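A.B. asks: coords please:
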Amino acid sequence: GEDGQIILLTDQTETRRLQSQLSRHERLSAMGKMMSALAHQIRTPLSAAMLYAGHLCNSKLDETTRQQFSEKISNRLNNIERQVQDMLVFAKGELPLTNVISVKALEVAVAEAVEVVMMTTGSTCVWRNDCPDQMIHCNPEALVGALSNLVNNAIQAVERKARLRIAFTQTRPKNPAGASQLMVAVCDAGPGIAPELLPNLGELFVTTKAQGTGLGLAVVKAVARAHQGRFSLQSKQGQGTCASLFIPFAL
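C.D. replies: Now for the predicted structure:
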């Protein structure tokens with residue numbers, strides 16, 4: 001007899017529908033966790049701001065106390081705004097790279113952004129910039145926000161009077177055909193991070209902080225990706241941590 005063929009037709013409609021439902025469910029579940037984390041993060045500074053605002057309504061306050069309470073409210077509201085901004089960056093996952101700026105301009109912007117937290121915690125920083133005239137394509141607000149996040153983390157690791165090093169350097173390409181990149185490293189001399197925690201830091205909801213959500217480093221990674229770059233974290237217990245952002249130079 002003649003050779004024949006058996007053709008099996010499988011209807012994948014139901015499988016595809018279930019896969020689609022599952023991915024939607026996972027996304028909703030992640031968003032639900034995210035919203036719960038954000039609500040938790042916002043509640044503390046919001047309660048404090050409301051408390052100080054209540055005190056300000058007391059007309060018997062002297063001018064110095066009034067000034068102090070106003071500053072405390074402003075700090076708490078800035079904290080909330082930063083949390084919401086982080087959430088938006090993470091949720092969108094993409095950023096328009098609107099500007100071309102010099103590495104020196106980036107250094108100045110970061111220094112301005114961290115000035116208050118450095119002052120209020122009695123922290124100091126050694127700045128180094130080996131490539132001030134090189135240019136980068138970036139979203140300045142998001143990039144400065146991500147680097148400020150790294151500085152805040154470094155200060156929180158030692159609680160007060162942190163001694164930081166922030167370096168802007170040009171990396172050497174690993175292969176001759178590759179292009180060099182900008183590396184911004186924020187290093188502290190804090191307690192360091194346990195080796196078993198290190199691989200997963202930067203994922204949502206993985207954090208070393210009692211009240212943390214892991215959103216900060218997840219946002220830094222998202223900002224690095226949006227700039228066609230990457231994020232790296234190196235740490236040794238008892239010797240401190242170096243968080244580095246790698247970004248291509250503008251061609």
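A.B. asks: Show the pLDDT at Leu61.
C.D. replies: Here, the pLDDT recorded for Leu61 equals 84.
A.B. asks: Count the residues that sit near it.
C.D. replies: Summarising burial for Leu61: neighbours were counted as other Cβ atoms under 10 Å, giving 14. Where C-beta positions appear, they are placed from N, C-alpha and C, glycine not excepted.
A.B. asks: could you pull out the helices for the chain?
C.D. replies: With DSSP state H, the ranges of helices along the chain come out as 13-56, 63-92, 103-120, 140-158, 215-226.
A.B. asks: Check which helices and strands the first one sits against.
C.D. replies: The one in question is helix 13-56. Helices and strands in packing contact with helix 13-56 are listed as helix 63-92, helix 215-226; criterion 3 or more Cβ pairs under 8 Å, 6 or more residues apart in numbering; DSSP states H and E.
A.B. asks: Centre-most residue in this protein?
C.D. replies: Centre of the chain computed as the mean C-alpha position; nearest residue by Cα atoms, centre = their mean is Val220, 3.2 Å away.
A.B. asks: Kindly provide the distance from that one to Lys236.
C.D. replies: As defined by Cβ to Cβ, to the nearest Å, Val220 lies at a distance of 20 Å from Lys236.
A.B. asks: Check Pro195 too.
C.D. replies: When Cβ to Cβ is the yardstick, Pro195 and Lys236 sit 9 Å from each other.
A.B. asks: circling back: quick check: the residue nearest to the centre of the chain touching Phe246?
C.D. replies: No: the pair formed by Val220 and Phe246 falls short of the contact definition of Cβ atoms under 8 Å, at 11.8 Å.
A.B. asks: shared neighbours of those two, anything?
C.D. replies: Phe231 (Cβ atoms under 8 Å, 6 or more residues apart in numbering).
A.B. asks: May I have the residues that are in contact with the residue nearest to Pro140 when sequence neighbours are not counted?
C.D. replies: Spatial nearest neighbour of Pro140, chain neighbours left out: Asn99 (5.4 Å); criterion: Cβ to Cβ, 6 or more residues apart in numbering. Each residue near Asn99 by Cβ under 8 Å, 6+ apart is listed here: 137-140.
A.B. asks: what does Leu182 give?
C.D. replies: In this structure, Leu182 makes contact with 103, 131, 134, 136, 168-171, 246-249, judged by Cβ under 8 Å, 6+ apart.
A.B. asks: Which among those count as buried?
C.D. replies: The neighbour-count test (16 or more other Cβ atoms under 10 Å) applied to the contacts of Leu182 identifies 103, 131, 134, 136, 168-169, 246-247, 249 as buried.
A.B. asks: Among those, which lie within strands?
C.D. replies: 136, 168-169, 246-247 (DSSP state E).
A.B. asks: Run a quick neighbour tally on the nearest residue to Leu164 once chain neighbours are set aside.
C.D. replies: Using Cβ to Cβ, 6+ apart and skipping residues adjacent in sequence, the residue nearest Leu164 is Cys125, 4.3 Å away. By the criterion of other Cβ under 10 Å, Cys125 has 19 neighbours.
A.B. asks: looking at it, Cys125 is touching Ile155, isn't it?
C.D. replies: No: Cys125 is not in contact with Ile155 according to Cβ under 8 Å; the separation is 9.8 Å.
A.B. asks: Pull up the overlap in contacts between those two.
C.D. replies: The contact sets of Cys125 and Ile155 overlap at 118, 164 (Cβ under 8 Å, 6+ apart).
A.B. asks: How about the contacts made by the closest residue to Arg160 other than its chain neighbours?
C.D. replies: Take Arg160 and drop its neighbours on the chain: the residue closest to it by Cβ to Cβ, 6+ apart is Thr121, 5.1 Å away. Thr121 makes contact with 155, 160-162 under the criterion Cβ under 8 Å, 6+ apart.
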